[in-house]
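Asker: kindly return the folded structure for what I paste below:
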Amino acid sequence: MRLSARLFAVQRHTRQVRPAMAPLHRQISGTSGTLKPAAAAQSSVEQRFQPLPFFSRDAPPSSELSRGSNVTALLKRTRPLELPHVASNTRKVSVGWSNGVTSHFHHIWLRDHCRCADCLHPVTKQRLVNTFEIPPDVQPVRAESRPTGLEVTWSESPRHTSTFPWEWLSRSSYDPPIKYSPTFNSSRKTLWDSSIQQSPPIVSYEEVMKNDTGVYKWLQKIDEFGFCFISGVPPNPQDTETLTRRIAFIHGGFWDFTSDLEHGDTAYTNLALGAHTDTTYLSDPCGLQLFHLLSHEGTGGKTLLVDGFYAAAKLREKYPSHYELLTEVKISAHAAGDADSLYIPDEPFSILKEDLKGELMRVRYNNDDRSVLKFIDPVLVDDWYDALRSWNQCLTSPDAELWVQLTAGTAVVIDNHRVLHGRSAFTGKRRMCGAYVGADEWKSRLRVLSQAIDRQAWNSEF
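Answerer: Numbering: from 1, shown residues only. Predicted coordinates for the structure are as follows:
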């Protein structure tokens, strides 16, 4: 599709928003929708698929179960609801859900995704079935709707039966894809502006170090807000490093530095730094950045935080064509300040990256490290610079900027794929320490803890 047509489509489908944007924390499921006040976010979920209830809620009270009643007899008292309707033809099995949506699954897809222990390892969740031994025209003998899920018996010899749990099947639907409310296997993002200074996300060093529940609370806040303060951190690099390792292993080593140009980067000077994300010049930019001010004998040096998702949402509302350009035009970056290093990413990237659903998933922006602009249609050059100016206006708007004066004992961790950071100029000697953690590592840790603590079932992703 030509870019002009795509821009028209974006303008046509971009939702209308309130003309005034009061200070708020906005909650969204995904990152491309209309900004909503936090209190209204949950009540205005738009036709998102909810987990299907197959048994009524008038089950016996838990007190009866705790008294040791016969479980089988009690379960018989639950009133079964209508199961999804199942039909099949020569190519697909169709499942009609209770909300009126019908999903269609190819026979070969179903056979390849069999959930039994012979086809999917129950511990490693790795595929055991040999995909290449499945006949391209594989056919079921029957497909039936059962309380446990879709039951399919295959024509192979010996007969093989696959059972697909309804919850897993609905969340794996691809024809059509089904959008969900943020109550299962997904995270709620709260977009924030400068007013978050009144009540920022924060955890204590003690609770994070005490047990995994504290780590889970910490990671949840990072996932929701894109950053989190940690209070009560001993002001030394050793304990700060131990704190970082509560999340995962450290990417690239732990650093401890004072302001100088030894590292060939303005980040190591006392100059002001505009809002940016780190390591844009790497093929895989770092996921989290934790930094801790150990000491400062001087003035200035306030830390700047900007919610890139909030800024992008504002850009999309005010200048949808500019937003679209920043998701499409590819740029590159470099790091060449050290004599023994020259970093350039494997491929160019867009400043704003959307996922397959069209929702914003990453901000990758450092104008200082931006390389030559050459991966662009010449007719779009002027428009792209206009878009970059609009983006900068959103980032530098006072309502988007959170300025904080860090002190020894308070560390901060930021999601480098979402929150941009910077600082004001400073005088005197300043000592900082910190580290990077990979994006996959911290998100894996969050999922594991959500399973262990909140009993979230991530197996619908396998």
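
Asker: the chain: helices as residue ranges?
Answerer: Using DSSP state H, the helices of the chain run over 3-13, 38-41, 62-66, 71-76, 107-112, 166-171, 205-210, 212-225, 237-244, 308-318, 320-328, 381-396, 439-453.

Asker: redo those helices as TSV? Include mean neighbour count, distance to His251 and mean pLDDT.
Answerer: To be clear about C-beta, it is placed using only N, CA and C from the backbone, and glycine gets the same treatment. Output for these, formatted as TSV (neighbours: other Cβ atoms under 10 Å; distance: least, Cβ to Cβ, whole Å; pLDDT from 0 to 100):
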stretch	mean neighbour count	distance to His251	mean pLDDT
helix 3-13	13	35	37
helix 38-41	14	33	36
helix 62-66	10	45	34
helix 71-76	10	49	35
helix 107-112	19	35	98
helix 166-171	20	31	93
helix 205-210	16	19	98
helix 212-225	20	16	98
helix 237-244	19	10	98
helix 308-318	24	20	99
helix 320-328	22	26	98
helix 381-396	17	25	98
helix 439-453	16	8	95
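
Asker: and those helices: which comes nearest Arg423?
Answerer: Among the helices of the chain, helix 381-396 comes nearest to Arg423, with 14.1 Å by Cβ to Cβ.

Asker: which neighbouring elements make contact with that closest one?
Answerer: Here helix 381-396 touches strand 273-276, helix 308-318, helix 320-328, going by 3 or more Cβ pairs under 8 Å, 6 or more residues apart in numbering; DSSP states H and E.

Asker: just give me how far the longest one sits from the chain centre.
Answerer: The chain centroid and the centroid of helix 308-318 are separated by 17 Å under Cα atoms, centre = their mean, to the nearest Å.

Asker: dump it to PDB, keeping only the CA atoms.
Answerer: Provided in PDB are the C-alpha atoms of helix 308-318 (Å, rounded to 0.1, in the frame of the first residue of the first chain):
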ATOM      1  CA  GLY A 308       7.500   7.600  25.400                       C
ATOM      2  CA  PHE A 309       4.100   5.900  25.000                       C
ATOM      3  CA  TYR A 310       2.300   8.900  26.400                       C
ATOM      4  CA  ALA A 311       4.200  11.200  24.000                       C
ATOM      5  CA  ALA A 312       3.500   8.900  21.100                       C
ATOM      6  CA  ALA A 313      -0.200   8.800  22.000                       C
ATOM      7  CA  LYS A 314      -0.300  12.600  22.000                       C
ATOM      8  CA  LEU A 315       1.500  12.600  18.600                       C
ATOM      9  CA  ARG A 316      -0.900  10.200  17.100                       C
ATOM     10  CA  GLU A 317      -3.900  12.200  18.400                       C
ATOM     11  CA  LYS A 318      -2.600  15.600  17.100                       C
END
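
Asker: name the helices or strands packed onto it?
Answerer: On a contact count with 3+ Cβ pairs under 8 Å, 6+ apart, helix 308-318 meets strand 189-192, helix 320-328, strand 360-363, helix 381-396, strand 419-423.

Asker: could you give the mean pLDDT of the third one?
Answerer: Translated: strand 360-363. Per-residue pLDDT over strand 360-363 has a mean of 98.

Asker: contacts for it, please.
Answerer: By Cβ atoms under 8 Å, 6 or more residues apart in numbering, the residues outside strand 360-363 that reach it are 31-32, 277, 308-309, 311-313, 351-355, 417-418, 420.

Asker: partner strands of that strand, with direction?
Answerer: Paired strands of strand 360-363, with direction, are strand 352-354 (antiparallel) (DSSP bridges).

Asker: circling back to that earlier point, nearest to His106, of the helices and strands packed on helix 381-396?
Answerer: His106 lies closest to helix 320-328 among the helices and strands packed on helix 381-396, at 31.1 Å (Cβ to Cβ).

Asker: and that closest one, how far from the chain's centre?
Answerer: Distance of helix 320-328 from the chain centroid (Cα atoms, centre = their mean) equals 21 Å.

Asker: try stretch 99-108
Answerer: 27 Å.

Asker: next, count neighbours for Asn211.
Answerer: 10 (other Cβ atoms under 10 Å).

Asker: brain fart, Asp454
Answerer: So Asp454, with other Cβ under 10 Å, has 10 neighbours.

Asker: look up how far Lys217 lies from it.
Answerer: For Asp454, the distance to Lys217 equals 11 Å [Cβ to Cβ, to the nearest Å].
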